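In: no sequence on this one, just coordinates:
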Ligand SMILES: [Mg+2]
Ligand SMILES: [Mg+2]
Ligand SMILES: [Mg+2]
């Protein structure tokens, strides 16, 4: 199954913005009335244990998210049919160069660099959808050096997964191996070289995924 | 060669913004002092003769561009080594929902939807780089129903191809089959259902690529 091999074969990553109202507010943003998204490159994937790199000059924030893995191509998918297009889920981090993002937002420029640096999409293994019968009740926890920074549940999403799939596929067709990052709960903040970021996904007390990433500095010129 | 098969196997499309000063000015933008880029999904590719679709409510602009096709993976590629990572070139259109882009620019939101609708990257066949010994002297011509709308030359790029490859690969690694759209000369403007868009790429009087795309309306809800 190509969907199970999404890290190697997937062609796009769609990141949903501001899908938890407490998170929208913590960054001083309005709570959205319709979903919006950005693209991340698949070249930004890293897997459990690999290092998150901090580009010079960047304040890099963690965002822990439930990732949806598409198993069946589709265009203009209706929310009621969305489940047929899901093959599985996993746990992911949507790492973000927040200070760079703040600058481009003010200038009206694309988010692609701020969201797309190498190592900015740490992600877990494929989890078949049968293991998560209710994706709208999944705990998402993130710690830095053992201290809890994010502790949310997908029940607090503004737009649920079927409506996200309907929205995205009305603009761009979804293909096997594509990943949708469904947004982060409140508690985002910076990570620094030398720290260890750990995250966990659980449902009804059962741990589904548990990942750990060391953080290192990326040498080179300053981006901000 | 996977690079020759980039339409099926490529993982990302990087679009360079405002790389021709006359084009930056025609949209009322400042001429950039360093390159910037956005991502387009590979699901937006169409090939010669396929239809460009206009989503409801969108004013869709043509942007004719030289596309660079990457043949060798690389990270932090220096400009002097960039040519080793190029496998070929082709002709492309970076279709853009301009009215949607204007709105998201004002709101500080991502460009991904405005640039990423299905059919928004019409593209030609792979051309081996040996056929274009001087990519900084390529004519790019676009007509609508036979009337010339864009007629530029890549010599007017602000940032040349090696410096674009250095910039992009300092942020995200480039992989075989990735495509860089190098920016559009002046003359962008709307296309409408019922029209035919044609474009041509030539060097020293020799036509390298010639493409034609009918334009149709995409049924559905209004996006703007
Ligand atoms: Mg996010
Ligand atoms: Mg991609
Ligand atoms: Mg363009």
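Out: It's in. These numbers were taken from a predicted model, which means no experiment stands behind them. Ligands and ions are numbered 1, 2, ... in the order given.

In: And for residue A:217, the neighbour number?
Out: Counted with other C-beta atoms under 10 Å in any protein chain shown, residues neighbouring residue A:217 total 13. The C-beta positions use only the backbone N, C-alpha and C, and glycine is treated the same way.

In: On the three-state scheme, residue A:29 is what?
Out: With DSSP: H, G, I helix; E, B strand; the rest coil as the basis, residue A:29 sits in coil.

In: wait, isn't it in contact with residue A:21?
Out: No - with contact defined as C-beta atoms under 8 Å, residue A:29 does not reach residue A:21; the gap is 9.9 Å.

In: What parts of chain A come near ligand 2?
Out: With C-beta under 5 Å from the ion as the criterion, chain A meets ligand 2 at residues A:11-12.

In: residues from chain A in reach of ligand 1?
Out: A:63, A:94, A:184.

In: contacting residues around the first one?
Out: Residues near residue A:63 by C-beta atoms under 8 Å, 6 or more residues apart in numbering or on different chains: A:93-96, A:150, A:184, A:188.

In: ok, 6 Å please
Out: By C-beta atoms under 6 Å, 6 or more residues apart in numbering or on different chains, the residues touching residue A:63 are A:94, A:184, A:188.

In: and the second one, how many neighbours?
Out: The local packing count at residue A:184 equals 28, with neighbours defined by other C-beta under 10 Å.

In: How about the last one?
Out: For residue A:188, the number of neighbouring residues by other C-beta under 10 Å comes to 19.

In: Would you agree it is in contact with residue A:60?
Out: No - here residue A:188 lies out of contact with residue A:60, judged by C-beta atoms under 6 Å, at a distance of 10.6 Å.

In: any common contacting residues for those two?
Out: Common contacts of residue A:188 and residue A:60 (C-beta under 6 Å, 6+ apart): none found.

In: Surely residue A:166 is within a strand?
Out: No - read with three-state DSSP, residue A:166 is helix and lies in no strand.

In: need the contact list for it.
Out: Contacts of residue A:166 by C-beta under 6 Å, 6+ apart are A:77-79.

In: Just say helix, strand or coil for the residue lying closest to residue A:5 once chain neighbours are set aside.
Out: Nearest residue to residue A:5, sequence neighbours excluded (C-beta to C-beta, 6 or more residues apart in numbering or on different chains): residue A:177, at 7.1 Å. Per three-state DSSP, the secondary structure class of residue A:177 is coil.

In: Count the residues that sit near residue A:177.
Out: Neighbours of residue A:177 under the rule other C-beta under 10 Å: 23.

In: Would you confirm that it contacts residue A:7?
Out: No - counting by C-beta under 6 Å, residue A:177 stays clear of residue A:7, with 8.8 Å between them.

In: Now render the contacts of residue A:63 as a markdown table, adding pLDDT and secondary structure.
Out: Below are those laid out as a markdown table (pLDDT from 0 to 100; DSSP: H, G, I helix; E, B strand; the rest coil):
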| residue | pLDDT | secondary structure |
| --- | --- | --- |
| A:94 | 98 | coil |
| A:184 | 97 | coil |
| A:188 | 97 | coil |
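
In: In chain A, which residue sits nearest ligand 2?
Out: residue A:12 (4.2 Å; C-beta to the ion).

In: in chain A, what residue is nearest ligand 3?
Out: Chain A approaches ligand 3 most closely through residue A:110 (11.3 Å), counting by C-beta to the ion.

In: contacting residues for that residue?
Out: B:38, B:111.

In: now do residue A:46
Out: Contacts of residue A:46 (C-beta under 6 Å, 6+ apart): A:119, A:122.

In: is it fair to say it lies in a strand?
Out: Yes - under three-state DSSP, residue A:46 falls within a strand.

In: so how many other residues sit close to the closest residue to residue A:123 other than its chain neighbours?
Out: Distance criterion C-beta to C-beta, 6+ apart; nearest residue to residue A:123, sequence neighbours excluded, is residue A:92 at 4.4 Å. For residue A:92, the neighbour count with other C-beta under 10 Å is 30.
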